[in-house]
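[1] A predicted structure for the sequence below; I have some questions about it.
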Amino acid sequence: MYFTLLVFASLLATARGKLGGHQQDKENPWVVTTAELPLSQGHPKYMPTLSNGQLAIRVFGQTLRQNCLYNGRDWTSHRARIPGYANYHLALESNETIYTLRFDQAVFEKTVKGDHFSVKQQILVHRHFTRSIFNFITYESELNRNDVIYIGVDLDAGPNSLDLNFGPKHILKLRSNLLHISEVNYMCGETKQVENRQFQKEKLQVCIAWTEPNGFIVTGQDEKIVRTYLTIVDDSIEGILEEIDHVIKHSAEDIVKKHINAWDDIWTAGHVSIKGAFDLEQTILASQFYLLSYLPFPQLSARALPPFCGLSPGGLAYGGPMTNYEGHSFWDTEVWMFPPILLLHPGAAKELLNYRLARLDAAKDYAARTGWSGVRFPWESALTGVEVCPAIAATTRDNEQHITADVSFAIRQYLAVTGDVEWFVQKIGNNSGCDVVRGIAEFWVGRTEFNNATGNYDIKNVMGPDEDHENVDNNAFTNTVASLAIKLAHYLGEKSICERIPDEWIQVAESIVIPYDSEKDYHPEFSGYSPGTIVKQADAVLLGFPLMLNMSLSTRQNDLRIYEKVVRETGPAMTWSMHAIGHLEIGESDQGELYFNRSYQPHVTKPFFIWTENKQPNFGAVNFITGMGGFLQIVFHGYFGLRVCLDKIIVNPQLPRKSESMVISGLDFHGNLITMSAGRNQTNIRILRLRKPMELIKKNKVYLIDKIENIQVGSGPFELRPLNW
């Protein structure tokens, strides 16, 4: 599927301007520019991705992905590949070709400059028209001349899809419209396999429409010409027609404006930044951009969005067979990505919880089929919520059961930040949020075994986050997060939000053993762990954060120092984020900054700030939003010192070295919108929206916040507590 229109030789002669070594704009951290693409250097995976939570592409790639479009039965399920009918190329190069990615606008541009003209290609995966991808090619002349130029356009859709059976191509004539598109091609098809016959009765339908890559002639008398190349993906021809009807009512200028305005709404609603260290500032903005791009924002969409199918480690643009975790959802979502999303965009965080809630029947079935009561979420989940972890990782699939408690922990955090009790009683199908929490608690009560010798409860035959130790008893992380899951169900019952759980369940939760070596004053990762044993990634250190297990300062220090010596070099990016947070928490800022840098610098590749799971050359998943989530947690929970509790948020800011200030714009706490800025010796709070009065507590002094105002807090820790909670 490769269509070519040749550029006239006269154009190549005209476009002879020299770049002379383009320098990146050091004034605007929202924009990156380059004169050479990773693609041209043989590194396509370092190309940026564009997404709107419904569709995703890698720029100049031969693949297009759609939310919830999976093919393959059971553990072979993966994101289906749609041929790259959005992969238009401006068939023009010169010595002055510049590529630009704008994080604030989610626009990728290729600009070619000649002596007297410029041609720009803009690529948008549209935030308002969420089934549409636009390629705009704009010609602008600087001087009136007699040149006649043919602007060529290619479309490289790549090979046929191995996941989809498409019918024949049709042509659809369009009425007169502001985009000057006279017709589109379209075809419809379906996936080749269902994921699971019990929970998916029919194959998934998909239709795609696209414009032919027709070039166009310009003359020196033309001041400006814009051509639109449109790609639409939906699950039916009716959906395609509805999207076309929405789109062609608007001009190209309006369409670009709607997209930029939608992204402006996202950034205005919430983002975090650090000033004074340009590369760090760009890395923070880029990480938020990629993470947010894969999320749905239904309020910004021109049409109702379908249900969301979750986040995967490589995001929506990746997930083919046996690559980038096949587009599956893991614990990565709840433990690594969810926290920074929750603090600024709780509506998007709720979409992630709804993904689990909508698949609760599959989780109930999984628990029952594996011999347990309650609900058990699969280690890897895709469309239906059944276990889709490949057979090559069978031990991980069977034993890494902490995922079920991780879901509960994310729910706990959501309740603490939002105070949204309605989620627990709302239903998707026949299930409610209360059903999720209770079912998880029931599962973990059933997984415990009473130990007569110790008087405590053990959890045996599990794998913790450290996947180098496959089948252990009493993994410290698993036991702690399981105990918290049962306690959350108890808390909701005590608050009359959900049905009360049996008293014996909370007795179990209080008595689950948490491994602790009193002689060495640290938490062994599991029963029988010996200090010095190599581990894959953060595990026992997660007890300090995010689980916030009560422990002495010396124990916290020992946990950090014992495990940071034994993390293997090939471990994933996010491990060092937890070590950074830990050291910053206990006042060891130099060590904190060391691990902060280690958490991202070896994993981020410029010019487009693409993350890899592991260090090169074995880089693992790309674009690794799990690592981005861990990195952003250092900013929120390390440098801003945020601690989310069920009754309050604790704040204790400190700046990274070489930084001048840091700002959280749009912290959403119980419906109150807060901007928080921190310098070396001063923290300021600006209340932008107040829906529930709060108390600010600092050094045992209480200040009532009951109106829109600005507050100077000074330095040091303080708390925000919602009233009547």
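    Perfect, thanks for sending it. Numbers count the residues shown, from 1 in each chain.

[2] can you pull the contacts of Ile52?
    Heads up, residue 52 is Asn, not Ile. Counting by CB atoms under 8 Å, 6 or more residues apart in numbering, Asn52 touches Ala106, Val125, His126, Arg127, Thr130, Ser293, Pro296. (Each C-beta comes from the backbone N, C-alpha and C, glycine too.)

[3] so where is the stretch 351-500 of the chain shaky, pLDDT-wise?
    Along the stretch 351-500 of the chain, no part satisfies pLDDT under 70.

[4] next one: the stretch 201-350 of the chain
    Those would be none, if you go by pLDDT under 70 across the stretch 201-350 of the chain.

[5] for this structure, list the residue farthest from the centre, please.
    In terms of distance from the mean C-alpha position of the chain, Asn146 ranks first, at 50.3 Å (CA atoms, centre = their mean).

[6] hmm, it is touching Gly220, no?
    Yes. Assessed by CB atoms under 8 Å, Asn146 is found in contact with Gly220 at 5.4 Å.

[7] SS state for the closest residue to Phe199 other than its chain neighbours?
    Nearest non-adjacent residue to Phe199, counting by CB to CB, 6 or more residues apart in numbering: Thr384, 3.9 Å away. Here Thr384 is recorded as coil under DSSP: H, G, I helix; E, B strand; the rest coil.

[8] got the contact list for Thr384?
    Glu195, Asn196, Phe199, Gln200, Arg359, Ala362.

[9] quick check: the residue nearest to the fifth one when sequence neighbours are not counted vs Leu723, distance?
    Using CB to CB, 6+ apart and skipping the chain neighbours, the partner closest in space to Arg359 is Gly385 (2.6 Å). Distance of Gly385 to Leu723, computed by CB to CB, to the nearest Å: 38 Å.

[10] host element of the residue nearest to Lys224 when sequence neighbours are not counted?
    Nearest non-adjacent residue to Lys224, counting by CB to CB, 6+ apart: Glu140, 5.0 Å away. Take DSSP states H and E as the rule and Glu140 turns out to sit in strand 132-141.

[11] show me what secondary structure element comes after that strand.
    Downstream of strand 132-141, the next assigned helix or strand under DSSP H and E is strand 148-151.

[12] direction included, what does that next one pair against?
    Using DSSP bridges, the strands paired with strand 148-151 are strand 216-219 (antiparallel).

[13] which residues does the partner strand contact?
    Taking CB under 8 Å, 6+ apart as the rule, strand 216-219 contacts Phe117, Tyr139, Ser141, Asn146, Asp147, Val148, Ile149, Tyr150, Ile151, Ile225, Arg227.

[14] for the stretch 601-725 of the chain, which segments count as helices?
    Ranges of helices in the stretch 601-725 of the chain, per DSSP state H, counting those that start in this stretch, are 625-633.

[15] now do the strands in it.
    Shown for the stretch 601-725 of the chain, the strands assigned by DSSP state E, counting those that start in this stretch span residues 604-605, 610-611, 643-645, 648-651, 661-669, 672-678, 683-689, 694-698, 701-705, 710-714, 718-722.

[16] how is Ala56 assigned, secondary-structure-wise?
    strand.

[17] pretty sure it sits against Ile133.
    No. Ala56 is not in contact with Ile133 according to CB under 8 Å; the separation is 9.4 Å.

[18] anything in contact with each of those two?
    Common neighbours of Ala56 and Ile133 (CB under 8 Å, 6+ apart) are Leu64, Val125.

[19] next, work out how far apart Arg65 and Gly319 are.
    Computed as CB to CB, the Arg65 to Gly319 distance reads 7 Å.

[20] mutual contacts of those two, please.
    Counting by CB under 8 Å, 6+ apart, the common neighbours of Arg65 and Gly319 are Arg79, Gly327.
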